[in-house]
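>>> Take a look and give me a structure for this.
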Amino acid sequence: MFQQTTTSNNGPLNDELLKNQLIARYKPGRFVSTTNLYDTGRYGIVIPVHDSRTNTGYLLKAQKILDLFKPEFEVFKSMREDSPFPHMVEHFGFFNPPNVFNYCIVMTVEGQSIQKLMARTPTCWSIGNCVRLIYQLIGAVQALHNLGFCHRDIHFGNVTIKRESDQRLAVKLIDFNGAVRLDPPQHPIHVMTTWQASLQVCEGMPYTRYDDLTSALFILLKVRNIDPFPFGNVDQLKESKKSFDANPNVWFKADTMWIAALYTQIQKQRISGVDYNALFQMLETAVPGINPQSDIDYQPTENNHIILL
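Next up is the predicted model:
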């Protein structure tokens, strides 16, 4: 276990204290990059590293903006060991010349993103795997909400699938830089109009747990090659969200109509209150003969990757 860095309040003095604490934790040479290839995003870069102390492979996430580091750091500090997320192994900071500070979190590797897995399998995922995927993903979202946080950026690049030691596949939720406290719901500084966002978020309403659930469900549209939100300008995207919200059924066939029903149930809960068990119960009977808690079907490849069926 590691000693946690803590700060009690936001503000310049506490921010400087946090930076100094991170510098004190930096151990040059402990985490060594294992490749020249790394993932980049608006929140920083993610580099595969080798821990020379434990002889273990991890991921190092480095960011240059404190306000992007702090939300993820707060989420990691709240996590339990058995949660469906990466686990923070270490955190530290250091300066790069001439005067650029890197805020770093080292975390466990939790498989590959659905986005990368889809690139390997251009065909639709099976109906059975869709039921199993969303069942596990709703459980991961619920676990995050139970910690008191909204994710706010759930999409197919931030959901991973990991082959565990027993060879079963587990769905994980990653990337918490955009996370905020659930209560009270926070009004966004900028309207978050994205493909994966709910209609309510696109209209600038406060982000809630229902918006996380809606974004999680929209991943099913990706893996089934259903696209009700064609890319265009912001106004076009909002109109397509309104159209989908008014009648989601038109986008689904008989074997996927349960996705529309699940979407409708999530929106009803905006009024009645959240009920994760109701969503799980719907999935128990969504597709005859499919147990949503059964193993996700996949095919291993020669290079130790997986292909979802």
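>>> Strands along the stretch 151-300 of the chain, start to end?
Shown for the stretch 151-300 of the chain, the strands assigned by DSSP state E, counting those that start in this stretch span residues 159-163, 169-173, 180-181, 298-300.
>>> I'd like those strands laid out as TSV, including mean neighbour count, mean pLDDT and distance to residue 278.
Just so you know, the C-beta spots here come from the backbone N, C-alpha and C atoms, and that holds for glycine as well. As requested, the strands of the stretch 151-300 of the chain are exported to TSV (neighbours: other Cβ atoms under 10 Å; pLDDT from 0 to 100; distance: least, Cβ to Cβ, whole Å):
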stretch	mean neighbour count	mean pLDDT	distance to residue 278
strand 159-163	22	96	22
strand 169-173	21	97	20
strand 180-181	16	92	24
strand 298-300	13	88	29
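>>> And those strands: which comes nearest residue 212?
Counting by Cβ to Cβ, residue 212 lies closest to strand 169-173 out of the strands of the stretch 151-300 of the chain; the figure is 9.4 Å.
>>> Okay, now the unreliable bits of the protein?
Residues of the chain meeting the criterion pLDDT under 70: 1-13, 41-43, 122, 190-191.
>>> Now for it: which helix has the highest residue count?
In the chain, taking DSSP state H as the definition, the longest helix is helix 127-146.
>>> Show me what counts as buried in that helix.
By 16 or more other Cβ atoms under 10 Å, the buried positions in helix 127-146 come out as 127-145.
>>> was I right about residue 130 contacting residue 226?
No. Assessed by Cβ atoms under 8 Å, residue 130 is found out of contact with residue 226, at 10.7 Å.
>>> can you list residues touching both of the two?
Any residue near both residue 130 and residue 226 by Cβ atoms under 8 Å, 6 or more residues apart in numbering counts here, and that gives 220, 256.
>>> For residue 44, give the beta-bridge partners.
Legend: beta-bridge partners of residue 44 under DSSP bridges are residue 41.
>>> Likewise for the one 4 residues further on?
According to DSSP bridges, the residues that bridge with residue 48 are residue 59.
>>> Quick check, it in contact with residue 33.
Yes. Applying Cβ under 8 Å, one finds residue 48 in contact with residue 33, separated by 7.1 Å.
>>> Of those two, give the one with the bigger neighbour count.
More neighbours surround residue 48 than the other of residue 48 and residue 33, with 16 against 12 (other Cβ atoms under 10 Å).
>>> Just give me the neighbour total for residue 261.
Each residue near residue 261 was counted by other Cβ under 10 Å, and the total is 14.
>>> thinking again about what came up before, identify whichever of the strands of the stretch 151-300 of the chain lies nearest to residue 77.
When these are compared by Cβ to Cβ, strand 180-181 sits nearest residue 77, at 13.3 Å.
>>> Residues contacting the closest one, please?
By Cβ under 8 Å, 6+ apart, strand 180-181 touches 71, 148, 149, 150, 152, 186, 207.
>>> can you do 6 Å?
148, 150, 186 (Cβ atoms under 6 Å, 6 or more residues apart in numbering).
>>> Need the CA coordinates for the longest helix of the chain. PDB is fine.
The C-alpha trace of helix 127-146 is given here as PDB (Å, rounded to 0.1, in the frame of the first residue of the first chain):
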ATOM      1  CA  ILE A 127     -27.100  -9.800 -29.200                       C
ATOM      2  CA  GLY A 128     -26.000 -12.000 -26.300                       C
ATOM      3  CA  ASN A 129     -22.800 -10.200 -25.800                       C
ATOM      4  CA  CYS A 130     -24.600  -6.800 -25.900                       C
ATOM      5  CA  VAL A 131     -26.800  -7.900 -23.000                       C
ATOM      6  CA  ARG A 132     -23.800  -9.100 -21.100                       C
ATOM      7  CA  LEU A 133     -21.800  -6.000 -21.800                       C
ATOM      8  CA  ILE A 134     -24.500  -3.500 -20.700                       C
ATOM      9  CA  TYR A 135     -25.300  -5.600 -17.600                       C
ATOM     10  CA  GLN A 136     -21.700  -5.400 -16.400                       C
ATOM     11  CA  LEU A 137     -21.300  -1.700 -17.500                       C
ATOM     12  CA  ILE A 138     -24.400  -0.600 -15.600                       C
ATOM     13  CA  GLY A 139     -22.800  -2.400 -12.600                       C
ATOM     14  CA  ALA A 140     -19.600  -0.400 -13.100                       C
ATOM     15  CA  VAL A 141     -21.500   2.900 -13.400                       C
ATOM     16  CA  GLN A 142     -23.500   2.100 -10.300                       C
ATOM     17  CA  ALA A 143     -20.200   1.400  -8.400                       C
ATOM     18  CA  LEU A 144     -18.900   4.800  -9.400                       C
ATOM     19  CA  HIS A 145     -22.200   6.500  -8.400                       C
ATOM     20  CA  ASN A 146     -22.000   4.700  -5.000                       C
END
